[in-house]
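Chemist: any chance you could fold what I've pasted below:
(one chain, ligands or ions: 2)
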Amino acid sequence: MDRIEHYIAGELRSSEAWLENFEPATGQVSGKIADAGEAELDAAIAAAQSAFPAWRRTPGAERARWLNRLADLIERDLEALARAESEDTGKPITLARSVDIPRAASNLRFFAAAATQFSSESHLMEDGAINWTLREPHGVVACISPWNLPLYLFTWKIAPALAAGNCVIGKPSEVTPKTAWLFSKLCIEAGLPSGVLNILHGRGPGIGARLIDHPAIKAISFTGGTATGAEIARVAAPRFKKLSLELGGKNPTIVFEDCDWEHTLEETLRAAFANQGQICLCGSRLLIQADIYEAFRDAFVEKARALNPADPALPETRQGAVVSRAHYEKVLGCIEQAREDGAHILVGGEAAQVGGRCDQGWFIQPTVIEGLSPSCRSNQQEIFGPVVSLMPFRDEEEALAIANGVDYGLASSIWTKDISRAHRMARNIESGLVWINCWMRRDLRVPMGGMKQSGVGREGGWEAMRFFTEAKNVTVAFDG
Ligand SMILES: NC(=O)C1=CN([C@@H]2O[C@H](COP(=O)(O)OP(=O)(O)OC[C@H]3O[C@@H](n4cnc5c(N)ncnc54)[C@H](O)[C@@H]3O)[C@@H](O)[C@H]2O)C=CC1
Ligand SMILES: O=C(O)/C=C/C=C(\O)C(=O)O
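Modeler: Numbering: from 1, shown residues only. Ligands and ions are numbered 1, 2, ... in the order given. Sure thing, here's the model as predicted:
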């Protein structure tokens, strides 16, 4: 049984209170998680504050060396980390091995490079002055990450924060704490200076709420549900803490009659069901042009039927378990609600039975539904599970009206060979990310984030480095 402890001032540290950790594939307890309280928060803040003066003065090239060293250790331990991620989340081991853990290392390497390239700007004034814009780290910042891509999103936040010279209190999801705990052991092995990074485990409404409220926290980067994002904004905004909120989505996948058929089928299936539909970028509304609606629907349903949930530890598994009992019940409840609203379930619609060691696991059949109006609950609320809703559309105008007719605006994908149409759609669609003939092709340099209730601010590339710094402009007059 794992005993998952905090990482404070360069050491592992436990708590009086403990939570249980579960393995979604078996539904069994896999370990205990220390649940941080006031004392651990105070210790972590004190450690970060005392590390900050030296860390902010550490040259970018040296901060980069630390981040690269941690990336090396992640790559060395890829197999163990992938296994831990799969056990903790229920995701297929193959996905953890090929996506989650390599991306965690890439995040660290990417922002290591950024630390060496991020520079001050200057602007000459022709009447005899020069502006010199400094970018200074905030001090102690909070990085709060969710359970769907645990180490991937944890490192996506802490890497730019550290690269920019901040000291960090990381708060991984209490649902999937394991890889952040293994990462803290790698930080100890690497000898990362004490207090530069601290990791507190525990309940969101407990230590998470305390953390965002703490006056020493100058900026908060959060990824998770929209309701939690709203609560964080309510607490943080009146104290003028800097906020980056990456929240939910109800993303449209828009398939035109001239799409590349096989490629579109494969990729829209992946967009709907990757990680059991538990990625904020997943395409949970599949809009299909009327002329091809029935043929595309039938081919899509056939492919979805073949995605049998199975033991995530097996290398051939493509669909694993959903992350927790609570989430399993939530998703099944959403399917029930769709039924009540009159949905026609084309495939799935039930819990999936996976035998053997997974007999008690939290598996849901990949589910495809149709027949609901764009405005009904199932087509408006984020389900965040293996459920996709199909809707026909006549033309671009109707596709845009459906696509934009939700409170979210995170991601969209457009499938057509007509590049002019693709550009017109991209211009008019309300989402922070638009993919044309691809889905989730990630370039770490691009701004990543959403419009409307999908969030505030952007992550990635220079956006992240700017978020984790405060601009200070110095104007120097000279005799021209
Ligand atoms: N990126 C995304 O779009 C994600 C969306 N979700 C959505 O959110 C729904 C709820 O999932 P949850 O696990 O409850 O996610 P959540 O948004 O509550 O949790 C994300 C992180 O926030 C922390 N947290 C929770 N309450 C907090 C508070 N008051 N102050 C500070 N930190 C807090 C959690 O401990 C966790 O580390 C899901 O059903 C799903 O629809 C969940 C995870 C990721
Ligand atoms: O940055 C990415 O590649 C993916 C981000 C995904 C999320 O933020 C999410 O699913 O919550």
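Chemist: how far off centre is stretch 46-63?
Modeler: 27 Å (Cα atoms, centre = their mean, to the nearest Å).
Chemist: what does the stretch 101-250 of the chain put close to ligand 1?
Modeler: Residues of the stretch 101-250 of the chain lying close to ligand 1 (Cβ under 6 Å from any ligand atom) are 144-148, 171, 173-175, 204-205, 208-209, 212, 223-225, 228, 231-232, 246-248. Where you see a C-beta, it was placed from the backbone N, CA and C, and this is true even at glycine.
Chemist: return the subset of these lying in helices.
Modeler: Using DSSP state H, the members of those that fall in helices are Ala209, Ile212, Thr228, Glu231, Ile232.
Chemist: any idea which element the closest residue to the first one other than its chain neighbours lies in?
Modeler: By the measure of Cβ to Cβ, 6 or more residues apart in numbering, the closest residue to Ala209 outside its immediate chain neighbours is Val235, 7.4 Å from it. Under the criterion of DSSP states H and E, Val235 resides in helix 226-236.
Chemist: do that helix and ligand 2 come into contact?
Modeler: No: judged by Cβ under 6 Å from any ligand atom, helix 226-236 makes no contact with ligand 2; its nearest approach is 11.2 Å.
Chemist: tell me the buried residues in that helix?
Modeler: Neighbour-count burial for helix 226-236 flags Thr226, Thr228, Gly229, Glu231, Ile232, Ala233, Ala236 (criterion: 16 or more other Cβ atoms under 10 Å).
Chemist: wait, the last one sits on Ile220?
Modeler: Yes: shown here, Ala236 and Ile220 form a contact pair, counting by Cβ atoms under 8 Å, at 5.6 Å.
Chemist: which residues do these two both contact?
Modeler: Common contact partners of Ala236 and Ile220 (Cβ atoms under 8 Å, 6 or more residues apart in numbering): Ile212, Leu243.
Chemist: over to the residue nearest to Trp18 when sequence neighbours are not counted. Which of the three states is it?
Modeler: Of all residues not flanking Trp18 in the chain, Lys32 sits nearest, at 4.6 Å (Cβ to Cβ, 6+ apart). Three-state assignment for Lys32 (DSSP: H, G, I helix; E, B strand; the rest coil): strand.
Chemist: wait, Lys32 touches Glu5, no?
Modeler: No: checked against Cβ under 8 Å, the pair Lys32 and Glu5 is beyond contact range at 9.4 Å.
Chemist: the two - which one has more neighbours?
Modeler: Between Lys32 and Glu5, counting by other Cβ atoms under 10 Å, Glu5 is the more crowded of the two (22 against 16).
Chemist: in the host helix or strand of Phe273, what counts as buried?
Modeler: In this assignment (DSSP H and E), Phe273 forms part of helix 261-273. Neighbour-count burial for helix 261-273 flags Thr264, Leu265, Glu267, Thr268, Leu269, Arg270, Ala271, Ala272, Phe273 (criterion: 16+ other Cβ under 10 Å).
Chemist: who touches the helix or strand bottoming out on mean pLDDT in the chain?
Modeler: For the chain, using mean pLDDT, DSSP states H and E, the weakest element among its helices and strands is strand 121-125, scoring a mean of 94. With contact meaning Cβ under 8 Å, 6+ apart, strand 121-125 is reached by Ile130, Asn131, Trp132, Thr133, Thr475.
Chemist: Arg339: which of these is nearest?
Modeler: For the contacts of strand 121-125, the residue nearest Arg339 by Cβ to Cβ is Thr133; the value is 56.6 Å.
Chemist: on that earlier part again, with distance to Ser375 and pLDDT as added columns, please give the buried residues of helix 226-236 in JSON lines.
Modeler: JSON lines is the format used below for the buried residues of helix 226-236 (distance: Cβ to Cβ, whole Å; pLDDT from 0 to 100):
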{"residue": "Thr226", "distance to Ser375": "18", "pLDDT": "96"}
{"residue": "Thr228", "distance to Ser375": "25", "pLDDT": "98"}
{"residue": "Gly229", "distance to Ser375": "23", "pLDDT": "98"}
{"residue": "Glu231", "distance to Ser375": "27", "pLDDT": "98"}
{"residue": "Ile232", "distance to Ser375": "29", "pLDDT": "98"}
{"residue": "Ala233", "distance to Ser375": "26", "pLDDT": "98"}
{"residue": "Ala236", "distance to Ser375": "32", "pLDDT": "97"}
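Chemist: and the residue of the stretch 301-450 of the chain that's closest to ligand 2?
Modeler: Arg442 (4.4 Å; Cβ to the nearest ligand atom).
Chemist: model confidence for that residue, exactly?
Modeler: Listed pLDDT for Arg442 reads 97.
Chemist: quick check: it vs Ala343, distance?
Modeler: According to Cβ to Cβ, to the nearest Å, Arg442 and Ala343 sit 32 Å apart.
Chemist: again with Leu197
Modeler: 46 Å.
Chemist: more neighbours, those two?
Modeler: Using other Cβ under 10 Å as the criterion, Leu197 and Ala343 rank with Leu197 on top: 29 against 24.
Chemist: which of the three states applies to the one residue in the chain that gets nearest to ligand 2?
Modeler: Using Cβ to the nearest ligand atom, the closest approach of the chain to ligand 2 is made by Cys280 at 3.5 Å. Assigned by three-state DSSP, the conformation of Cys280 is coil.
Chemist: residue numbers of the chain in contact with ligand 2?
Modeler: Residues of the chain lying near ligand 2 (Cβ under 6 Å from any ligand atom): Pro146, Asn148, Leu149, Leu153, Trp156, Thr223, Glu246, Ile279, Cys280, Leu281, Arg442, Met448.
Chemist: the longest helix along the chain - contacts with which helices or strands?
Modeler: If you go by DSSP H, the chain has its longest helix at helix 38-57. Judged by 3 or more Cβ pairs under 8 Å, 6 or more residues apart in numbering; DSSP states H and E, helix 38-57 is in contact with strand 6-8, strand 129-137, strand 140-144, strand 167-171, strand 197-199, helix 209-213.
Chemist: same question for the second one, mean pLDDT?
Modeler: Right, strand 129-137. In this model, strand 129-137 carries a mean pLDDT of 96.
Chemist: what's the angle from it to helix 38-57?
Modeler: Between the axis of strand 129-137 and that of helix 38-57 there is an angle of 140 degrees, by axes from the mean of the first three to the mean of the last three Cα atoms, to 10 degrees.
Chemist: quick one, grab the pLDDT at the residue in the stretch 301-450 of the chain that ligand 1 sits nearest to.
Modeler: Proximity of the stretch 301-450 of the chain to ligand 1 (Cβ to the nearest ligand atom) peaks at Phe384, 3.5 Å away. The pLDDT attached to Phe384 in the predicted structure is 98.
Chemist: number of nearby residues for it?
Modeler: Quick note: Phe384 (other Cβ under 10 Å) scores 25 neighbours.
Chemist: please parse this structure into its domains.
Modeler: Domain ranges of the chain: 2-247+454-475, 252-444, per automatic domain parsing.
Chemist: which other residues reach the next helix or strand after the longest helix of the chain?
Modeler: Going down the chain from helix 38-57, the next helix or strand is helix 60-76, by DSSP H and E. If you take Cβ under 8 Å, 6+ apart as the criterion, helix 60-76 is touched by 55, 81, 101-102, 104-106, 108-109, 111-113, 115-116, 118, 151, 159, 162-163, 165, 183, 186-187, 189-190, 192, 196.
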